[in-house]
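Q: Need coordinates for the below:
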Amino acid sequence: MSDTSRPQVGRRRFLTSAAAVAAAATVPGVAGLAAAGKASAATRPNILLIITDDQPKHTDWATQKTIDWLGGQGVTFSHGHVTTPLCAPSRSSIFSGRYAHNHGVRNNSSAYSLDQNTTVQRHLKQAGYRTGLFGKYLNSWNVADNPPHFEEWAIEVPVVYNDGQYNVNGTVQTIPGYSTTVIKDQTLAFLDKAATDSRPWFAVVTPKASHEPNTPEDKYADTAVPAWNARPSVTEDDRSDKPVYVQNAAKTLADGQAARERQLRTLLSVDDAVQAFKDKLRALQQLDNTLVIYIGDNGFQWADHGLLGKGTPYSPAHEVPFYLSWPAADLAAGTTDNRIVANIDIAPTILDAAGITPTTPQDGKSLLSQFNRDHLLVEWWKQGTGGVKHTWASYVAKDKQYVEHYHLHTDKNGTVSGAGDVTFREYYDLVDDKYQLTNKLYQATPADEQNLSIPALAAQLAADRSS
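A: Got it, this is the predicted structure:
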C-alpha cells in the first residue's frame, strides 16, 4: 500500500501536517489536530472501543449524544472505511490491524481462522490491562467458547434483540431484556470496578444495532424518523454498466426508507448507552484519560443501485461513521480529519496510545501518527459456489475507485478456491460521480483505459492483494 509515515518525534507527535491541512482545506475554520502523545506506563489510557453492527454513514440523527461527545470533544474521520464490508472479517481486522487476506477470516463462517495471538486484546492483557468484551464477538463463534484474552465478558450467541443467550464469564445463560440495555449494564459493571482496581482497562462494546431485523427498544418503537427522499444511487435508472447481480437487483426507495427508519430507531438505544458510558467515566474521574473509538463494522445500502445490505464495492457498504476522543492527549476538540482511514488502523492506534509495540505485523497505521495514505484496499469474498455475485477487490481513493470481480470463492474455513480470472471491472470518478452511477470501463476502448490509468491501477490492486 502507498502511504507516507514519519518517525515519532520524542514522546509527542503532531497531526497538523497532511491530515490537518487537508481537513482545513475542506472544512472552513478547522485548525487541525493538536499534539497527541504515546503514554508512559504510569499514564496509560483506558480504552473504550464501540463497534456497531451494519451502521452506515448518514445516521447522525440517531446518534447526537455520541457525536456531541466524541465528535465535539475529539475527531470525526470524514473518510472512514472498513476493508471488508462484512461483520466477522471486519471485526477481525479491527482486533488484528490486518487485512482479511492476511488474518484469514474471509467470511462469516471462519471466525476460528483468526490467530488470537495477533489481537490487540492479547497485547493489552499481557501489558497489564484489565480487558472486557460485551455484546457480539465474531459470527460463527460457539457460545460455550470463551473469547481469548478477555478477563471479563458477556458475549451473545446467537445475537438477538430480546432475551438473548449469553456466555457470561464462562457460564451460558439467558438474560431477559433488550440486548443493547443488557450490554450497556454489563459494560457499566465492568467500568465500576475501576473505582477499586487501579489497572488501566480495555472495554469492547458491540451492540447488535443497527443490524436486521432492526428491532427497536419498546420506548422507541414508534419514534418519528425524519423523512428521507433518497440519493441518486437509489433512483438510478440504468444499471446496465454494472455486474449482473446489480442489474437484476430490485429493491426500491420504499425498501430503503423502511430499512433506514428501522436502523435509526435501534441506534437511539446505542446513543443512550454511549451517554451512560460518558456519565460513568465522569463519575469515576476517568473521562479525560480514556481513549474512545467508535466505528461501524460495515456500512449498509438503502436500496442504492437496487440493493439492500453490504458486501458490495459501492461506497455506502464500506464507508462508516468513525470517531476518536482522548482529551488527555490534547486532541483538538471538534476536529474533522479527512485522511483515508479504516478499521485496520484501530489496533495500531490503541497499541500506540498504550506504548505497546506489536509482536506481529499490522497492515494499518496509528491514527496518532502523521501517515496519510493515498488509497485503500477494500476486498470481499464470495462464500460457496452458488449465486451470481463474485469475489471482488477494489482500489479506493478520494477521487476514484477501481474494482475487479473474480472467479473465486471461499469455503467455511475461509480457504480460497477458483481460477481467479477477472470477470468484470468498474471505474468511478468520485469527484464528478460520487454516487457511482457511471462505470467508465463499460464499453471503454484501450485508449480510454490508458487515459484512466487502468493498467497502473490494476497493477497496484494486484500488489495490494498480495501484500
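Q: What is the distance between stretch 74-86 and the centre of its chain?
A: Here the centre of stretch 74-86 is set off from its chain's centre by 6 Å, with Cα atoms, centre = their mean, to the nearest Å.
Q: Dump that stretch to PDB, restricted to CA.
A: Written as PDB, here are the backbone C-alpha positions of stretch 74-86 (Å, rounded to 0.1, in the frame of the first residue of the first chain):
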ATOM      1  CA  GLY A  74     -12.400  14.700  19.600                       C
ATOM      2  CA  VAL A  75     -12.000  13.800  16.000                       C
ATOM      3  CA  THR A  76     -14.500  12.900  13.200                       C
ATOM      4  CA  PHE A  77     -13.000  11.000  10.400                       C
ATOM      5  CA  SER A  78     -14.800  12.000   7.200                       C
ATOM      6  CA  HIS A  79     -13.300   9.300   5.100                       C
ATOM      7  CA  GLY A  80     -13.700   6.300   7.400                       C
ATOM      8  CA  HIS A  81     -13.900   2.800   5.800                       C
ATOM      9  CA  VAL A  82     -13.900  -0.900   6.500                       C
ATOM     10  CA  THR A  83     -11.500  -3.000   4.400                       C
ATOM     11  CA  THR A  84     -14.100  -5.800   4.100                       C
ATOM     12  CA  PRO A  85     -17.700  -4.900   4.300                       C
ATOM     13  CA  LEU A  86     -18.900  -7.900   6.300                       C
END
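Q: buried sites along that stretch?
A: For stretch 74-86, burial by neighbour count (16 or more other Cβ atoms under 10 Å) applies to 74-86. Quick note: C-beta positions are derived from backbone N, CA and C, even for glycine.
Q: Let's have the residues you listed in JSON lines, adding pLDDT.
A: Listed next are those as JSON lines, based on pLDDT from 0 to 100:
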{"residue": "Gly74", "pLDDT": "96"}
{"residue": "Val75", "pLDDT": "97"}
{"residue": "Thr76", "pLDDT": "98"}
{"residue": "Phe77", "pLDDT": "98"}
{"residue": "Ser78", "pLDDT": "97"}
{"residue": "His79", "pLDDT": "98"}
{"residue": "Gly80", "pLDDT": "98"}
{"residue": "His81", "pLDDT": "98"}
{"residue": "Val82", "pLDDT": "98"}
{"residue": "Thr83", "pLDDT": "98"}
{"residue": "Thr84", "pLDDT": "98"}
{"residue": "Pro85", "pLDDT": "98"}
{"residue": "Leu86", "pLDDT": "98"}
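Q: Relative to Gln275, which of the residues you listed is nearest.
A: Of all these, the one with the least separation from Gln275 (Cβ to Cβ) is Gly74, at 15.3 Å.
Q: Grab the nearest non-local neighbour of that closest one.
A: In space, and not counting its chain neighbours, Gly74 is closest to Ser325: 2.9 Å by Cβ to Cβ, 6 or more residues apart in numbering.
Q: so the one you found bridges to which residues?
A: Val292 (DSSP bridges).
Q: check contacts around it.
A: When the contact criterion is Cβ atoms under 8 Å, 6 or more residues apart in numbering, the partners of Ser325 are Trp69, Leu70, Gln73, Gly74, Val75, Leu291, Val292, Leu331.
Q: I figured the fifth one was touching Thr335, is that so?
A: Just to be clear, that refers to Val75. Yes - Val75 is within contact range of Thr335, at 4.9 Å (criterion: Cβ atoms under 8 Å).
Q: Of all residues in this structure, which one is nearest the centre?
A: For the chain, the residue nearest the mean C-alpha position is Asp297 (3.8 Å; Cα atoms, centre = their mean).
Q: how near is the closest residue to it other than its chain neighbours to Val431?
A: Nearest residue to Asp297 in three dimensions, chain neighbours excluded: Ser90, at 4.4 Å (Cβ to Cβ, 6+ apart). From Ser90 over to Val431 the distance is 27 Å, taken as Cβ to Cβ, to the nearest Å.
Q: which one of those two has more residues nearby?
A: Neighbour count, other Cβ atoms under 10 Å: between Ser90 and Val431, Ser90 has more, with 27 against 9.
Q: Distance-wise, check that one relative to Ala144.
A: Taking Cβ to Cβ, one finds Ser90 at 24 Å from Ala144.
Q: What of Thr312?
A: In terms of Cβ to Cβ, Thr312 sits 34 Å off from Ala144.
Q: Look at the two and report which has more neighbours.
A: Using other Cβ under 10 Å as the criterion, Thr312 and Ala144 rank with Thr312 on top: 25 against 10.
Q: Just the pLDDT for that one.
A: Per-residue pLDDT puts Thr312 at 98.
Q: Leaving out chain neighbours, which residue sits closest to it?
A: The nearest residue in space to Thr312 (Cβ to Cβ, 6+ apart) is Gln301, at 6.7 Å.
Q: do Asn46 as well
A: Asn46 sits nearest to Thr290 (Cβ to Cβ, 6+ apart), 4.3 Å away.
Q: phi, psi of Asn117?
A: Main-chain torsions, Asn117, degrees, to the nearest 10: phi -70, psi -10.
Q: surely it meets Pro358?
A: No - here Asn117 lies out of contact with Pro358, judged by Cβ under 8 Å, at a distance of 10.6 Å.
Q: Could you check which of those two has the larger neighbour count?
A: The neighbour count for Asn117 versus Pro358, taken as other Cβ under 10 Å, is higher for Pro358 (17 against 13).
Q: Pretty sure that one sits in a strand.
A: No - using DSSP: H, G, I helix; E, B strand; the rest coil, the assignment for Pro358 is coil, not a strand.
Q: What residues does it make contact with?
A: With contact taken as Cβ under 8 Å, 6+ apart, Pro358 is in contact with Gly97, His123, Ala347, Pro348, Leu351.
Q: sorry, back to before: ok, the contacts of Ser325 vs Asn248, which is closest?
A: Of those, the one sitting nearest to Asn248 (Cβ to Cβ) turns out to be Leu70, at 39.7 Å.
Q: pretty sure the closest one contacts Tyr323?
A: Yes - counting by Cβ under 8 Å, Leu70 touches Tyr323, with 3.8 Å between them.
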